[in-house]
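Trainee: Coordinates for the following, if possible.
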Amino acid sequence: MAGASVCGALALLLVNPQPAAAATPLAPMNASVMKLTAGDFQSRWNAIDAIEAGGAVTSYYDPDQDALGPLLTGNGHTGSRGLCHPTNLNSSYSPDGFCWDHGDDTSADWTPQGLTGSHDASPAGTWRGHYVYIASWHFKDNTFARITVVDNSPGAPTTYNHIMLVDPYGSGGSANFRAVGDPSSPASPAPGGHADGISWYGNKLFLATGHQIQVYDLRHLWKMSGNTSASVGIQNGASSARYFNYALPMIGMYSNGKPGDGCTDTNPCLTSLSLDRTGADGLVTSEFNATGGRPVVRWPLSSNGLLETDTAGNSTGTVTATAAYRVPVWKVQGAATDGTYYYFSGECPDYAGGTDADVPYCVHRAKPGEAPHVLTEAPPLTQNLSWSPLAGRLWGLNERANYTSGKRVVFSVHTPS
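Mentor: Numbers count the residues shown, from 1 in each chain. Model prediction:
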C-alpha cells in the first residue's frame, strides 16, 4: 500500500476546503457489530500432519516451543545496524533501528508492509534469548507472500532469513501446499496474497490481509528439498518454495468478508495489525482510506494463542470486537497502542493530498475521545507500527523504494509520556 496522505487532526486547505480535522476526535464506534468468523483450521492441520509425515519437507516441529532455532544462528542475509537513510524522525525521541541489505532495500519485486517482534511474542521482550523482529512482505503482483525473521541482538551482526508463506491442503498421500497468493487458495484475497500487518503472539503469527487475519504456527518450520526451482509445492516427493530455503504453513484464518468485498463499518477491512498487551491481550487492526474516518478495532485473544471465539478451542465460531474508534487521519497505514495513546502512521498535514511519494509520513497519536496530533515526521510511506512495552519504544518500517540507493528502514523511537 503505497500512499502519502494523512490529515488526521489538522485543518487542510486543498482545492476544496476540508473540515478542520483538529476538531475531530478519536470517536467510539459500535464494536459489537464487528465480527470475524473462524474457518479452515482442521483441514489445514490435517494437511500439515500428512505433509510432515510424508518426508518431502524437513520439519522443525516442536510441540512445546517454536521451531525458529535454525534461523537464529547468525546465518543468512546481513543487514546493517542503525538507520542507513534519512528518516525525518524527531531526534529528541532517540531514533534507532536497522536496515536491510542492498538487494532488499532496492527490490522492485518485494515490498515490506508489517512489523512485529519478540517484544510482542513474549512479555520478557526476547525470544530464545535473542531480540528478534519479523516483517511481512508482498510480491509485486500479490501472487506470493513472505516473512523475514531478523536477529538484531546486541553485539552481533544484524542477520535475517526470508520464509515463504504457504497454504497446505489435502490429506494423506495427496496433501500438498501452495503459495498463499495462488488463485486456487481460499486464502487468496483479490488481487492475491497482499501481506499487510503482522503480529507475533507466543508461537502464533497473525497476518492481516483485506478481510482476513491468517494464522501461522511457529512450531512448524519447513526446510525445502531445494531452492533452485520457481515451483511451490511437492512434486515427485520433493518440496520447493520458489527459491526459498524455508516455508511456513498457514493453520487457519478469521474473516469478515469474501475476497474483494467492500469495506464497511460492520465489516471493516484489515490492513494493519499490532498487538496490545495493556490489559486483556488483543489484536489491533486499522483500515487504509484516502480521506480517513475508518475504524481502528480491537479483537480479543484467548489463552491458547488464538483469537477468542464463542466456541471451545477458538478454531471455529465467531470473534466479536471489544473496542473500536473512528480515526480522523488520512491514509492510515498502521496503528498501535501503549494503553494510553493510539499511534497512527499516515500522511502529514503539510503534505496531505499531494502526489510526491518521497515526502515524510507522520506518526500521529491520540487518546480516545481526543483529536490526534503529530508526534513526529517519519520515513516516506511508513507502514505498520508496533509497541514495545518494556522499552517504551514505538517500532515501524517504511516501504518506499529507491531502486538504486534504497530508502527503506526499520526504526524505533522512545515516545514521550
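Trainee: List the contacts of the longest helix along the chain.
Mentor: Assignment by DSSP state H gives helix 41-54 as the longest helix of the chain. Helix 41-54 is touched from outside by 57, 59, 61, 167-173, 175-177, 215, 220, 222, 234, 249-252, 315-316, with contacts defined as Cβ atoms under 8 Å, 6 or more residues apart in numbering. Just so you know, the C-beta spots here come from the backbone N, C-alpha and C atoms, and that holds for glycine as well.
Trainee: again, only this time at 6 Å
Mentor: Outside helix 41-54, the residues that touch it by Cβ atoms under 6 Å, 6 or more residues apart in numbering are S59, P168, Y169, G170, S171, G172, A175, P249, I251, G252, S315.
Trainee: Among those residues, which one has the most neighbours?
Mentor: Among those, P168 has the most neighbours (other Cβ atoms under 10 Å), with 27 neighbours.
Trainee: strands paired with whichever strand or helix holds that residue, and their directions?
Mentor: Using DSSP states H and E, P168 sits within strand 159-169. If you go by DSSP bridges, strand 159-169 pairs up with strand 77-78 (antiparallel), strand 145-151 (antiparallel), strand 176-179 (antiparallel), strand 246-255 (parallel).
Trainee: Which SSE is immediately downstream of the shortest one?
Mentor: In other words, strand 77-78. Next along from strand 77-78, by DSSP H and E: strand 80-81.
Trainee: Distance from that next one to the middle of the chain?
Mentor: In terms of Cα atoms, centre = their mean, to the nearest Å, the centre of strand 80-81 is set 21 Å apart from its chain centre.
Trainee: quick one: average pLDDT of the strand holding P168?
Mentor: Averaged over strand 159-169, pLDDT sits at 98.
Trainee: and what of stretch 298-310?
Mentor: For stretch 298-310, the mean per-residue pLDDT is 97.
Trainee: before we move on, what about stretch 220-229?
Mentor: Mean pLDDT, stretch 220-229: 97.
Trainee: How about stretch 333-352?
Mentor: 96.
Trainee: what distance separates it from the centre of its chain?
Mentor: Remark: stretch 333-352 is offset 15 Å from the chain centroid, using Cα atoms, centre = their mean.
Trainee: Ok, stretch 213-225 next?
Mentor: The chain centroid and the centroid of stretch 213-225 are separated by 16 Å, computed with Cα atoms, centre = their mean.
Trainee: Excluding its own residues, what touches that stretch? List them.
Mentor: Contacts of stretch 213-225 (Cβ under 6 Å, 6+ apart): 57-62, 66-67, 203, 205-207, 238-241, 246-254.
Trainee: Format the strands paired with strand 159-169 as TSV; extra columns: mean pLDDT.
Mentor: Converted to TSV, these look like this (pLDDT from 0 to 100):
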stretch	mean pLDDT
strand 77-78	98
strand 145-151	98
strand 176-179	97
strand 246-255	97
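Trainee: so which of the ones you listed comes closest to K331?
Mentor: Distance to K331, taken as Cβ to Cβ, is lowest for strand 145-151 among the strands paired with strand 159-169, at 22.0 Å.
Trainee: Which residues does that closest one contact?
Mentor: Here strand 145-151 makes contact (Cβ under 6 Å, 6+ apart) with 71-72, 130, 132-138, 159-165, 180-181, 193, 195.
Trainee: gap between L301 and S286?
Mentor: 17 Å (Cβ to Cβ, to the nearest Å).
Trainee: same deal with T316?
Mentor: To S286, T316 is 26 Å away according to Cβ to Cβ.
Trainee: Looking at these two, which is more packed in?
Mentor: A direct count of neighbours by other Cβ under 10 Å for T316 and S286 places S286 higher, at 33 against 15.
Trainee: Now the more buried one. Nearest residue, chain neighbours left out?
Mentor: The shortest distance from S286 to any non-neighbouring residue, by Cβ to Cβ, 6 or more residues apart in numbering, is to A335 (3.7 Å).
Trainee: so what's that neighbour up against?
Mentor: Contact partners of A335, counting by Cβ under 6 Å, 6+ apart, are S272, V284, S286, V296, F344.
Trainee: Include distance to G406 when you put the strands paired with strand 159-169 into CSV, please.
Mentor: CSV is the format used below for the strands paired with strand 159-169 (distance: least, Cβ to Cβ, whole Å):
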stretch, distance to G406
strand 77-78, 14
strand 145-151, 15
strand 176-179, 26
strand 246-255, 25
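Trainee: Nearest to T355, out of those strands?
Mentor: The closest of the strands paired with strand 159-169 to T355 is strand 145-151. By Cβ to Cβ, the value is 27.9 Å.
Trainee: okay, the closest one in PDB with CA atoms only?
Mentor: Presented in PDB, the C-alpha positions along strand 145-151 are these (Å, rounded to 0.1, in the frame of the first residue of the first chain):
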ATOM      1  CA  ALA A 145       3.900 -13.500   0.400                       C
ATOM      2  CA  ARG A 146       6.900 -13.900   2.700                       C
ATOM      3  CA  ILE A 147       8.100 -13.100   6.200                       C
ATOM      4  CA  THR A 148      11.600 -12.100   7.300                       C
ATOM      5  CA  VAL A 149      12.900 -13.300  10.600                       C
ATOM      6  CA  VAL A 150      15.600 -10.800  11.800                       C
ATOM      7  CA  ASP A 151      18.100 -11.400  14.700                       C
END
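Trainee: Would you pull up how far it lies from the middle of the chain?
Mentor: Relative to its chain's centre, strand 145-151 lies at 11 Å (Cα atoms, centre = their mean).
Trainee: So what's the residue count around G54?
Mentor: The number of residues packed near G54 is 16, by other Cβ under 10 Å.
Trainee: Also V319?
Mentor: 24.
Trainee: Just the element for A56, please.
Mentor: A56 is part of no helix or strand when elements are defined by DSSP H and E.
Trainee: Quick check: the gap between it and T404.
Mentor: Taking Cβ to Cβ, one finds A56 at 40 Å from T404.
Trainee: T159 reaches G76, doesn't it?
Mentor: Yes: at 5.0 Å, T159 counts as touching G76 under the criterion of Cβ atoms under 6 Å.
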